[in-house]
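Enquirer: coords below, sequence missing:
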Ligand code: FES
């Protein structure tokens, strides 16, 4: 995609859970780009954060009502990032820059299955919403669609996004089943609503799904990957996460910061001296070291590197095999250097 492709905000509307839905028109007639922008894929938007530093964030396309019109849903995080600034500042007529479109989970990935499961945490609902709208359209024109179950986890009843749309679909379709789990409000279990987080046993109602789409924060996705792969070992897992992993050891004790020396193995001879506490990807990017990345969540594999020496913590990823890891490969976005002299090979292509 041309890096200066602009999209104009056509409208905004509030959703539950501090989410806003934005409708954009693409200011380009590039057919390739318009074809790439499909529901379920994510679009990389460049926009300043609240400190006016230009940054890039990925958002799932939840709808495409016309060839050059698309919708995304953005949750306010409170951290002063791009999403917060878009919430504050973006209004009808404002523009954002589109950097690229990526992502492999679309209707084509799941539309021909017999049985499909979806598990979403909070704003992780955006990908399931995109897929459900596509399945609904297929069903409307008489095509066979998968029996689909959605497990949606939210902290509070008032935070349930797209509730009206989801309930309407559950009430009117024969192929869709909705289960909502409310983790913080005290509610009575009834029909579609359940208190607490889903246990492994509570996922049995999904039947025998051939594929399960799991979307949410890195820790949410990691937990449900484990649950579902033990419960449904033959199901294909389609994973999307919108947050980067956090270094668990630092959450316990921030006084652990130690000095690190990174030797960059790319013929530049670059040596980076830093402290523990950030991911390898964050360290490399802040040093202006050229490194590929996309999802920043351990899914796409673009930031694959080779690591040796020193001490690192490797947070779970959704991409590398055991053999990859045994051979010294790692994902920079999931690797947290802790101490010592660490060699970083940046030419670790797949
Ligand atoms: S940026 Fe996608 S796996 Fe690291």
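Expert: In hand now; what should we look at? Note that the coordinates shown come from a computational prediction; the quantities given were computed from them, not determined experimentally.
Enquirer: Now tell me what touches stretch 194-208 from outside.
Expert: Residues from elsewhere that reach stretch 194-208, judged by Cβ atoms under 8 Å, 6 or more residues apart in numbering: 115, 117, 119, 147, 149, 151, 153, 177, 179-183, 185-189, 212, 227-228, 230-232, 234-235. Bear in mind the C-beta positions are built from the backbone N, C-alpha and C, glycine included.
Enquirer: Please, a ChimeraX command that selects the buried ones among those?
Expert: Of the contacts of stretch 194-208, the buried ones go into a single ChimeraX selection, burial set by 16 or more other Cβ atoms under 10 Å:
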select :115,117,119,147,149,151,153,177,179,180,181,182,183,212,227,228,231,232,235
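Enquirer: What about the contacts of stretch 194-208, which are in helices?
Expert: Judged by DSSP state H, the contacts of stretch 194-208 include 227-228, 230-231 as members of helices.
Enquirer: ok so, going back, so which of the contacts of stretch 194-208 belong to strands?
Expert: 115, 117, 119, 147, 149, 151, 153, 177, 179-182, 212 (DSSP state E).
Enquirer: and the two most separated of those residues?
Expert: Spanning the widest gap among the ones in strands among the contacts of stretch 194-208 are 115 and 182, at 25.6 Å by Cβ to Cβ.
Enquirer: Close to the ligand: what parts of this structure are there?
Expert: Residues of the chain lying near the ligand by Cβ under 6 Å from any ligand atom: 293-296, 298-303, 319, 331, 333.
Enquirer: who wins for most neighbours among the residues you listed?
Expert: When neighbours are counted by other Cβ atoms under 10 Å, residue 331 leads the residues of the chain next to the ligand with 32 neighbours.
Enquirer: That residue is in contact with residue 316, isn't it?
Expert: No: judged on Cβ atoms under 8 Å, residue 331 makes no contact with residue 316 at a distance of 10.1 Å.
Enquirer: what do those two both touch?
Expert: Each of residue 298 lies in contact with both residue 331 and residue 316 under the rule Cβ under 8 Å, 6+ apart.
Enquirer: how about the helices in the stretch 251-350 of the chain?
Expert: Along the stretch 251-350 of the chain, counting by DSSP state H, counting those that start in this stretch, helices occupy 280-286, 322-326.
Enquirer: Would you mark the buried spots in the last one?
Expert: Of all the residues in helix 322-326, those buried under the rule 16+ other Cβ under 10 Å are residue 324.
Enquirer: tell me the mean pLDDT for that helix?
Expert: The average pLDDT within helix 322-326 is 93.
Enquirer: With stretch 96-106 instead?
Expert: Here the average pLDDT along stretch 96-106 is 91.
Enquirer: which outside residues touch it?
Expert: Identification of contacts with stretch 96-106 by Cβ under 8 Å, 6+ apart yields 1, 3-7, 9, 24, 26, 33, 36-47, 56, 58, 60-61, 86, 90, 127, 131, 134, 213, 238, 240, 294-295, 300.
Enquirer: so of those, which ones are in strands?
Expert: Using DSSP E, these in strands are 5-7, 9, 24, 26, 42-47, 56, 58, 60-61, 213, 238, 240.
Enquirer: Quick one, which of the residues you listed are buried?
Expert: Listed as buried from the ones in strands among the contacts of stretch 96-106 are 5, 7, 9, 24, 26, 42-47, 58, 60-61, 213, 238, 240; burial here means 16+ other Cβ under 10 Å.
Enquirer: And the helices of the stretch 251-350 of the chain: which comes nearest residue 161?
Expert: Here helix 280-286 is closest among those (Cβ to Cβ), at 29.1 Å.
Enquirer: Can you spell out which helices and strands pack onto that closest one?
Expert: Judged by 3 or more Cβ pairs under 8 Å, 6 or more residues apart in numbering; DSSP states H and E, the packing partners of helix 280-286 are strand 259-265, strand 271-275, strand 335-345.
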